[in-house]
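Chemist: Attaching a predicted model along with its sequence, questions to come.
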Amino acid sequence: MIRLLKPSDIDAVMNIWLSSNIQAHSFIPKEYWMKYFEQVKEILPDSTVYVYEDKGSVQGFIGLTGNYIEGIFVEESMRGRGIGTPLLHQVKQLFSSLTLQVYEKNQSALRFYFKEGFQIKKKQIDSETGQMEFTMEWSM
């Protein structure tokens, strides 16, 4: 079931956020993600967040600021089981266009976004990590 974030979800969502970022971005030191943990946790309730819940357990989520996708995160043991797709489709129903940023080295995310109709609109170096990232866009 996909639903909006509840305050009681925050700890589970943050654990997924941290572990997913460390796993998907092995090319960035884990300390980078740990440095932003509390900041993300603080702003999370003010963001639009949809969670994927099964049997009372949050297994993934998508976060948005307007039509900008801050990220799609799925619990490591549940990746590849069709959780990210319905989360993305949930927000595709709300907007006629969506944008996001993804690191070039995050090949599994790039493949997913290409499959979902996103196109690269811009390439840039992330000033904090020194990594190449793409701004991608989807529109109806």
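Modeler: Good, I have the coordinates. Residues are numbered from 1 along each chain as shown.

Chemist: I'd like the distance between the residue of the chain most remote from its centre and M78.
Modeler: Going by Cα atoms, centre = their mean, the residue of the chain most distant from its centre is K55, 21.8 Å out. Applying Cβ to Cβ, to the nearest Å, the value for K55 to M78 is 12 Å. In short, each C-beta sits where N, CA and C put it, glycine included.

Chemist: And E133, by the same measure?
Modeler: Here E133 is placed at a distance of 25 Å from M78 (Cβ to Cβ).

Chemist: can you pull out the strands in the chain?
Modeler: For the chain, applying DSSP state E gives strands covering 2-4, 48-54, 57-65, 68-74, 97-103, 119-125, 132-139.

Chemist: I'd like to know which of those lies nearest to V13.
Modeler: Nearest to V13 among the strands of the chain is strand 57-65 (5.3 Å), distances taken as Cβ to Cβ.

Chemist: Direction included, what does the closest one pair against?
Modeler: When pairs are called by DSSP bridges, strand 57-65 turns out to pair with strand 48-54 (antiparallel), strand 68-74 (antiparallel).

Chemist: looking at those strands, which is buried most?
Modeler: Between these, strand 68-74 has the highest mean count of neighbours, a mean of 20, where neighbours are mean count of other Cβ atoms under 10 Å.

Chemist: tell me the mean pLDDT over it?
Modeler: Mean pLDDT, computed over strand 68-74, is 95.

Chemist: What's the per-residue pLDDT of L44 here?
Modeler: On the pLDDT scale, L44 gets 89.

Chemist: Report the spatially closest residue to it, excluding sequence-adjacent ones.
Modeler: I10 (6.0 Å; Cβ to Cβ, 6 or more residues apart in numbering).

Chemist: cool, and T48?
Modeler: L64 (4.4 Å).

Chemist: My read is that the one you found contacts V91, right?
Modeler: Yes: at 6.1 Å, L64 and V91 qualify as touching, with contact defined as Cβ atoms under 8 Å.
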